[in-house]
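Participant: Test case, fold it:
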Amino acid sequence: MAKKILFIFIVIFILVLVLNYVAMPLYVKHSSLNKVPNVVGLHFDEAKRILEEAGLNVKQGDIRYDNTTPVGTILEQSPPAGQIVKSGRRVYLVICGGEQLVEVPRLSGRTIRDAKFTLDQRNLQIGEIIKKFSNQYPEDVVISQVLQPGSKVKRMTKIDVIVSNGPQIGSILIPDLIGKTLEEAKKILTEKKLKVGRITYQTSDLPVGQVLDQYPKKDKSAVENTAVDLFVAKKKAVKPKEEIEDVPSDEKIDKEPPKKKEGGIEGKTKEETPKPKQDSPKGDSKDKKNVVPKEKEKPKVNTEKQK
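Facilitator: All right, here's what the predicted structure looks like:
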């Protein structure tokens, strides 16, 4: 009996030692509490080092774009700084990805107008437009682009494109005549072995005789003696002087009644008053020949009474 009691006592003593020196330290170590340090504003590498030294586990969270903050900077953390958590707790970090990049769209096959609209929707801009003759693509259609579709670029980046100038007809390029005087334009066309086509004059604020537009447009291909139509500025028509003069208002007319003029007729001067006609002293007057005296008029005969 004593041996059993002694054995039980020894077993209990051993269990107490195991719990005190093995189980309890392990429990305390895994259940220790830590204060989350503040890592917002630090670079990701430095933030990770600080959190791991505090016994916490680091996980990269979302990427947020911000063009005012360097790439890799911590913008947000969860749990927030100062919170008490267990050792080994995961801390999620939101990292700055810098300025957001835009994907370059495919522009080939689009008209230049459609290409500009497509770029505007993505906060991009059309860059240099290079004209090239093409038998495959119609005029003003994009043949190719410098930055390939799918490339990532910053917003408001300019995309250079090569645009079709239509098929090549001849070896002569139409010169740019806009802004030149009519005489200068004629001289340039003659030197290029071209000729002046129809000249249309349009009213404009620009100097008289300056070329406003042309057809065909510049850089188009042509053969010798191709006619180039010109649109030339002309002087604006001036309104007649009578239309420019001020007309008295109705109020002014009402305040000043018309004066009576000589001759007894209102609104007419003495000279404007009609004068009675006087018989010409000569009997061969044309007016007198056409007038028949009343005495010579034949009396009307009542035919019913004679019957």
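
Participant: where along the stretch 51-200 of the chain do the helices fall?
Facilitator: Using DSSP state H, counting those that start in this stretch, the helices of the stretch 51-200 of the chain run over 112-121, 182-191.

Participant: which stretches of the stretch 101-250 of the chain have low pLDDT?
Facilitator: 237-250 (pLDDT under 70).

Participant: Could you pull up the contacting residues of the nearest residue to A115 once chain neighbours are set aside?
Facilitator: Distances taken as Cβ to Cβ, 6 or more residues apart in numbering place L107 nearest to A115, at 4.5 Å, with adjacent residues excluded. Where C-beta positions appear, they are placed from N, C-alpha and C, glycine not excepted. If a contact means Cβ atoms under 8 Å, 6 or more residues apart in numbering, then L107 has A115, T118, L119, V142, Q145, P149, I159, V161 as its contacts.

Participant: ditto for D140
Facilitator: T111, I112, R113, V163, S164.

Participant: Tell me which of the helices of the stretch 51-200 of the chain lies nearest to E224.
Facilitator: Nearest to E224 among the helices of the stretch 51-200 of the chain is helix 182-191 (11.2 Å), distances taken as Cβ to Cβ.

Participant: Okay, buried residues for that closest one please.
Facilitator: L182, A185, K186, L189 (16 or more other Cβ atoms under 10 Å).

Participant: Same list (those) but as TSV, adding distance to G97.
Facilitator: Output for the buried residues of helix 182-191, formatted as TSV (distance: Cβ to Cβ, whole Å):
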residue	distance to G97
L182	59
A185	55
K186	61
L189	57
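
Participant: which of those lies closest to E103?
Facilitator: Nearest member of the buried residues of helix 182-191 to E103, counting by Cβ to Cβ, is A185, at 45.6 Å.

Participant: Just give the closest residue to that closest one, not the sequence neighbours.
Facilitator: In space, A185 is closest to L177, 4.4 Å off (Cβ to Cβ, 6+ apart).

Participant: Likewise for V39?
Facilitator: Spatial nearest neighbour of V39, excluding adjacent residues (Cβ to Cβ, 6+ apart): A47 at 3.6 Å.

Participant: roughly how far apart are that neighbour and L33?
Facilitator: 21 Å (Cβ to Cβ, to the nearest Å).

Participant: which of those two has more neighbours?
Facilitator: Set A47 next to L33 and count neighbours by other Cβ atoms under 10 Å: A47 wins out with 23 against 10.

Participant: looking at it, that one is touching G72, isn't it?
Facilitator: No: counting by Cβ atoms under 8 Å, G72 is not a contact partner of A47; they are 9.6 Å apart.

Participant: Show me what stretch 147-167 is in contact with.
Facilitator: 99-107, 112, 115, 119, 123-146, 219-221.

Participant: what about it, distance to the chain center?
Facilitator: Centroid separation for stretch 147-167 versus its chain: 18 Å, with Cα atoms, centre = their mean, to the nearest Å.

Participant: Of all the residues in that stretch, which ones are buried?
Facilitator: Buried residues in stretch 147-167 (16+ other Cβ under 10 Å): L147, T157, I159, V161, I162, V163, S164, N165, G166.

Participant: can you tell me which of the residues you listed lies nearest to G41?
Facilitator: T157 (29.2 Å).

Participant: picking up where we left off before, hmm, which of the contacts of stretch 147-167 are the buried ones?
Facilitator: If you count burial by 16+ other Cβ under 10 Å, the buried members of the contacts of stretch 147-167 come out as 102, 104-105, 107, 112, 115, 119, 124, 126, 131, 134, 137, 139-143, 145, 220-221.

Participant: out of those, which are inside strands?
Facilitator: V102, I126, K131, V142, I143, Q145, S221 (DSSP state E).
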